[in-house]
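*Asks:* sequence? don't have it. structure:
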């Protein structure tokens, strides 16, 4: 059911919570600048007309923003909301309360309710707060990897998980297995652990092959013995287990996780981390102001140059203006023009160019390097280092919210410096000018 609206009037004897707090606080300044009615109007059709009243939209959107802004998880942001009156005022609470705003799981249901389009609306609001500064003609585009919450995949790990899950499935459906292989699997894992290097690598490889055989035996036995209704319910999981059990080292489109089957293996050429397991994310930043105006997550591992048409179209739909120049690194080599947008990529420096053109190109690509620390802040400060949200929709939701939090944080710093500038003009000392001697 649609959330109830509060129609309580302010009174002198019982002031609102926001009137009792420090108006210079950065969270309150951001709360006054965000147009909350936009979210009320956008999410209104997602609620039914009858049933139990839902939590207020501003509560839920405010909790999502605070979570990414302060780098917290769902459980922690709800706990701090009870302790922090500024968090409560940010979410529109009119009285300080000791009760939890919602169960942490309700944030998951709310993200599922609004979907990718609703989270994109929050990101668009974070861009529009900056006004004309977000409408620059030149943008910087770069890609990164948003890693999923999975362990480093190995054959032994995946096959062991398949054996364990098949045993759990058999116990759940009351299926008697011919053999559980529990003791043998434990012995094989000990061999793999201590003989994977040195002269006894062949013994460890034979243990992995035996583990693969055991996993295949259990999968086929479950398919034979499960009742028709249970087989239909578990068919998707069994097919996934079968693909993982059969895949080889040189196969393409491999599965690297059982609970996140859409994870891709991406290599970005990092010396400290050769492979990253997650989804490719593209980030678009304005050249001068450093505002994130585009964020797009891609399934699989597409070539960076092939992602540019979708990236530029998204920037045009959010900002309302198509950039005339996109500055990229050499990973985007290929097309030099996409629609009305020119693609600039670093060159060798040789060719018929004047010194002025070379100097402008050097300045342009030095500025392009500023997107690297922005991506670093997204990962270290706004929960993009490890994505805990499930599925491909979770990739887009986490990316949009991280970029929105970065823009909100940038707007908070802008408010802070404007306040300092205003105070300096008000309280600056009256310095008398020095008169020149005749």
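*Replies:* Sure thing, it's come through. Predicted model, so just to flag it, every value in this text is computed and none were measured.
*Asks:* switch to C-alpha atoms for all contacts and neighbour counts from now on
*Replies:* OK.
*Asks:* Okay, domains of the protein per the record?
*Replies:* Domain assignment for the chain by automatic domain parsing gives 1-130+405-429, 135-150+263-388, 155-246.
*Asks:* what about the first one, average pLDDT?
*Replies:* In this model, domain 1-130+405-429 has an average pLDDT of 86.
*Asks:* next one: stretch 307-314
*Replies:* Stretch 307-314 comes out at a mean pLDDT of 95.
*Asks:* what does stretch 382-399 give?
*Replies:* Rounded mean pLDDT across stretch 382-399 is 94.
*Asks:* OK, contacts around residue 411?
*Replies:* Contacts for residue 411 were tallied using CA atoms under 8 Å, 6 or more residues apart in numbering; they are 30, 129-130.
*Asks:* in a helix, that's where it is, yeah?
*Replies:* Yes. Assessed with DSSP: H, G, I helix; E, B strand; the rest coil, residue 411 lies in a helix.
*Asks:* before we move on, back to that, could you export the domains of the chain to CSV, including columns for distance to residue 394?
*Replies:* Below are these laid out as CSV (distance: least, CA to CA, whole Å):
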stretch, distance to residue 394
domain 1-130+405-429, 8
domain 135-150+263-388, 8
domain 155-246, 20
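*Asks:* between these, which one is nearest to residue 253?
*Replies:* Comparison of these against residue 253 by CA to CA identifies domain 135-150+263-388 as nearest, at 8.1 Å.
*Asks:* Quick check: end-to-end length of that closest one?
*Replies:* With CA to CA, to the nearest Å as the measure, domain 135-150+263-388 spans 32 Å from end to end.
*Asks:* same deal with stretch 32-39?
*Replies:* With CA to CA, one end of stretch 32-39 sits 14 Å from the other.
*Asks:* who's in contact with it?
*Replies:* 57-58, 61, 121-122, 125, 129.
*Asks:* What are the boundaries of the strands in the chain?
*Replies:* Counting by DSSP state E, the segments of the chain that form strands are 138-147, 264-266, 276-286, 292-298, 325-327, 337-338, 341-344.
*Asks:* between those strands, which gets nearest to residue 95?
*Replies:* So among the strands of the chain, strand 292-298 is nearest, using CA to CA, at 34.8 Å.
*Asks:* partners of the closest one, with directions?
*Replies:* strand 276-286 (antiparallel) (DSSP bridges).
*Asks:* what about the partner strand, average pLDDT?
*Replies:* What strand 276-286 shows for mean pLDDT is 95.
*Asks:* was I right about residue 383 contacting residue 74?
*Replies:* No. At 11.8 Å, residue 383 and residue 74 do not qualify as touching, with contact defined as CA atoms under 8 Å.
*Asks:* Which of the contacts of stretch 32-39 fall in helices?
*Replies:* 57-58, 61, 121-122, 125 (DSSP state H).
*Asks:* Neighbour count and distance to residue 238 for those - can I get that in a markdown table?
*Replies:* A markdown table is the format used below for those (neighbours: other CA atoms under 10 Å; distance: CA to CA, whole Å):
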| residue | neighbour count | distance to residue 238 |
| --- | --- | --- |
| 57 | 23 | 40 |
| 58 | 17 | 42 |
| 61 | 21 | 38 |
| 121 | 19 | 38 |
| 122 | 22 | 38 |
| 125 | 19 | 43 |
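*Asks:* just curious, which of those is nearest to residue 306?
*Replies:* For those, the closest approach to residue 306 (CA to CA) belongs to residue 121, at 25.3 Å.
*Asks:* contacting residues around that closest one?
*Replies:* Applying CA under 8 Å, 6+ apart, the residues contacting residue 121 are residue 39.
*Asks:* what's the spacing between it and residue 300?
*Replies:* Distance of residue 121 to residue 300, given as CA to CA: 25 Å.
*Asks:* Bridged to the nearest residue to residue 138 once chain neighbours are set aside, which residues?
*Replies:* Excluding the flanking residues, the one nearest residue 138 by CA to CA, 6 or more residues apart in numbering is residue 325, at 4.8 Å. On the basis of DSSP bridges, residue 325 is bridged to residue 138, residue 342.
*Asks:* quick one on the thing from earlier: from the ones in helices among the contacts of stretch 32-39, which two are the most distant?
*Replies:* Among these, 57 and 125 lie farthest apart (CA to CA), at 15.1 Å.
*Asks:* Which pLDDT does the model give residue 435?
*Replies:* On the pLDDT scale, residue 435 gets 56.
*Asks:* Start at 59, not 1
*Replies:* New numbering, starting at 59: the last item is residue 493.
*Asks:* which residue sits closest to residue 126, ignoring its sequence neighbours?
*Replies:* Here the residue nearest residue 126, using CA to CA, 6+ apart, is residue 440, at 5.1 Å.
*Asks:* what's the answer for residue 355, then?
*Replies:* residue 339 (4.4 Å).
*Asks:* Tell me which residues touch the one you found, please.
*Replies:* 201-204, 353-356, 457.
*Asks:* again, 6 Å this time
*Replies:* 201-203, 354-355 (CA atoms under 6 Å, 6 or more residues apart in numbering).
*Asks:* Burial check on residue 314, number of neighbours?
*Replies:* 22 (other CA atoms under 10 Å).
*Asks:* distance of it from residue 430?
*Replies:* Distance from residue 314 to residue 430, by CA to CA: 28 Å.
*Asks:* and what of residue 100?
*Replies:* Counting by CA to CA - residue 100 and residue 430 are separated by 33 Å.
*Asks:* tally of neighbours for residue 206?
*Replies:* Neighbours of residue 206 under the rule other CA under 10 Å: 25.
*Asks:* Name the residues linked to it by a beta bridge.
*Replies:* Beta-bridge pairing for residue 206 (DSSP bridges): residue 445.
*Asks:* Quick check: it vs residue 116, distance?
*Replies:* Counting by CA to CA - residue 206 and residue 116 are separated by 29 Å.
*Asks:* Would you map the helices across the chain?
*Replies:* 84-91, 94-101, 115-127, 132-141, 143-148, 162-186, 213-230, 240-252, 259-283, 286-304, 366-377, 413-426, 429-439, 449-485.
*Asks:* and among these, the most buried is which?
*Replies:* Comparing those by mean neighbour count (mean count of other CA atoms under 10 Å), helix 143-148 ranks first with a mean of 22.
*Asks:* I'd like to know how far the residue nearest to residue 451 when sequence neighbours are not counted sits from residue 133.
*Replies:* Nearest non-adjacent residue to residue 451, counting by CA to CA, 6+ apart: residue 174, 6.5 Å away. Going from residue 174 to residue 133 by CA to CA gives 22 Å.
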